[in-house]
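Undergrad: kindly return the folded structure for what I paste below:
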Amino acid sequence: DYSDKGALTNALVGQHVVISTVGGEGLFNDFGTTLVEAAIDAGVKWFIPSEFGADYDDPICTTVPPLAIKLGVAKLLRENQSRISHTFITTGMFLDWGSDNGFLGFDIPSRTVTLYDEGKARTSGTILPNIAKAVVAAIHHPEVSLNKRIYIADATFTQQEVLALFEKYTNTKWTVRHVSTKDKQKEGAEKFAKGNVGEALLDYVRYLVYSGVKVNMLEGRTSNKDLGILTISLDQIVKEAVQRTNPTQQ
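TA: Purely as a prediction, here's the structure:
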């Protein structure tokens, strides 16, 4: 029970590092903050919160209501840095996951893409296996990561570039629809006002990722080399996404 701080504290006694993957409902119910407080009380030395995603230190994130709890977790950790160390890991979008489920805007089975604005904004992302490697590497390289925000990314790209690769590997001209990022921002605000926090967050994320703001543009800031994480090319990411959807597609 993540709402029971006492039970969490007892469970964490004797642990050196806590890696939080609390998301969705857990974040919206403030379980992330409770977990940090329990870790501090239990004497945990190092906490890695579920920051995985955009650069939540960017001031624009304060304008996105669903992110308030994530920002609160970071604030709590920084205020208690003398009692517990932290590492924030910024990864950009989850490129393999987002390709498979359409979150990036590409529906592989239907060969349809939703381009936000003109699809020309540059943004960054990482595949899930490399995010996992980054967590392990951060622990093994405290000189790089301790009490810092670190950035990792496999690729920085535009939707137009990804579309060209999907058309290459499916050998098909895709159907394109256009959506305004300003409309997604507005829809997110409306859903949040009605209490639909999860749906609101998805709209806000698409606004942040594809509107051209720098919150998800990690090029030139990454620590992949320092952490020993080899990157995978955008070409390979798209090729593998097509193959997962249609294993016979080469």
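Undergrad: then stretch 78-94 to CSV, C-alphas only?
TA: Extracted C-alpha coordinates of stretch 78-94, given in CSV (Å, rounded to 0.1, in the frame of the first residue of the first chain):
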residue,chain,number,x,y,z
ARG,A,78,16.5,18.7,-3.3
GLU,A,79,15.3,20.0,0.1
ASN,A,80,16.5,16.9,1.8
GLN,A,81,19.8,16.4,-0.1
SER,A,82,21.7,16.3,3.2
ARG,A,83,19.7,13.2,4.2
ILE,A,84,19.3,11.4,0.9
SER,A,85,21.1,11.7,-2.4
HIS,A,86,19.2,11.8,-5.7
THR,A,87,19.5,11.4,-9.4
PHE,A,88,17.0,12.7,-12.0
ILE,A,89,17.2,10.8,-15.3
THR,A,90,15.8,12.6,-18.4
THR,A,91,15.2,10.3,-21.3
GLY,A,92,12.9,12.0,-23.7
MET,A,93,10.1,9.9,-25.2
PHE,A,94,10.2,6.1,-25.0
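Undergrad: closest to the centroid, which residue in the chain?
TA: By C-alpha atoms, centre = their mean, the chain has its centre lying nearest to G53, at 1.9 Å.
Undergrad: quick one, what contacts that one?
TA: T90, T91, G92, M93, V205 (C-beta atoms under 8 Å, 6 or more residues apart in numbering). To be clear about C-beta, it is placed using only N, CA and C from the backbone, and glycine gets the same treatment.
Undergrad: okay if I get those as JSON lines plus neighbour count?
TA: Below are these laid out as JSON lines (neighbours: other C-beta atoms under 10 Å):
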{"residue": "T90", "neighbour count": "26"}
{"residue": "T91", "neighbour count": "28"}
{"residue": "G92", "neighbour count": "28"}
{"residue": "M93", "neighbour count": "24"}
{"residue": "V205", "neighbour count": "21"}
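Undergrad: now, which of those residues sits nearest I69?
TA: V205 (14.5 Å; C-beta to C-beta).
Undergrad: what about D203, which SS state?
TA: helix (DSSP: H, G, I helix; E, B strand; the rest coil).
Undergrad: do you know how far V238 is from A132?
TA: Separation of V238 from A132 (C-beta to C-beta, to the nearest Å) stands at 21 Å.
Undergrad: more neighbours: which of those two?
TA: Shown here are V238 and A132; by other C-beta atoms under 10 Å, V238 has more neighbours (26 against 11).
Undergrad: element containing that one?
TA: Using DSSP states H and E, V238 sits within helix 234-245.
Undergrad: what mean pLDDT does that helix have?
TA: Taken as a whole, helix 234-245 has an average pLDDT of 96.
Undergrad: ok, and what's touching the host helix or strand of K225?
TA: Under the criterion of DSSP H and E, K225 resides in helix 224-227. The contact list for helix 224-227 (C-beta under 8 Å, 6+ apart) reads K133, A134, A137, A138, H141, V144, S145, I150, I152, A153, L230, T231.
Undergrad: now do stretch 82-92
TA: 36, 39-40, 44-49, 51-57, 74, 77-78, 123-126, 131, 134-135, 138, 145-153, 216, 218.
Undergrad: so which bits of that stretch are buried?
TA: Residues of stretch 82-92 classed as buried: I84, S85, H86, T87, F88, I89, T90, T91, G92 (neighbour count, 16 or more other C-beta atoms under 10 Å).
Undergrad: stretch 234-245 now?
TA: L234, I237, V238, K239, E240, A241, V242.
Undergrad: which residue ranges of this protein form helices?
TA: 5-12, 25-28, 31-42, 68-79, 95-101, 128-140, 142-145, 159-170, 181-193, 197-210, 224-227, 234-245 (DSSP state H).
Undergrad: for those helices, which has the smallest mean pLDDT value?
TA: Note on those: lowest mean pLDDT is at helix 25-28, with a mean of 66.
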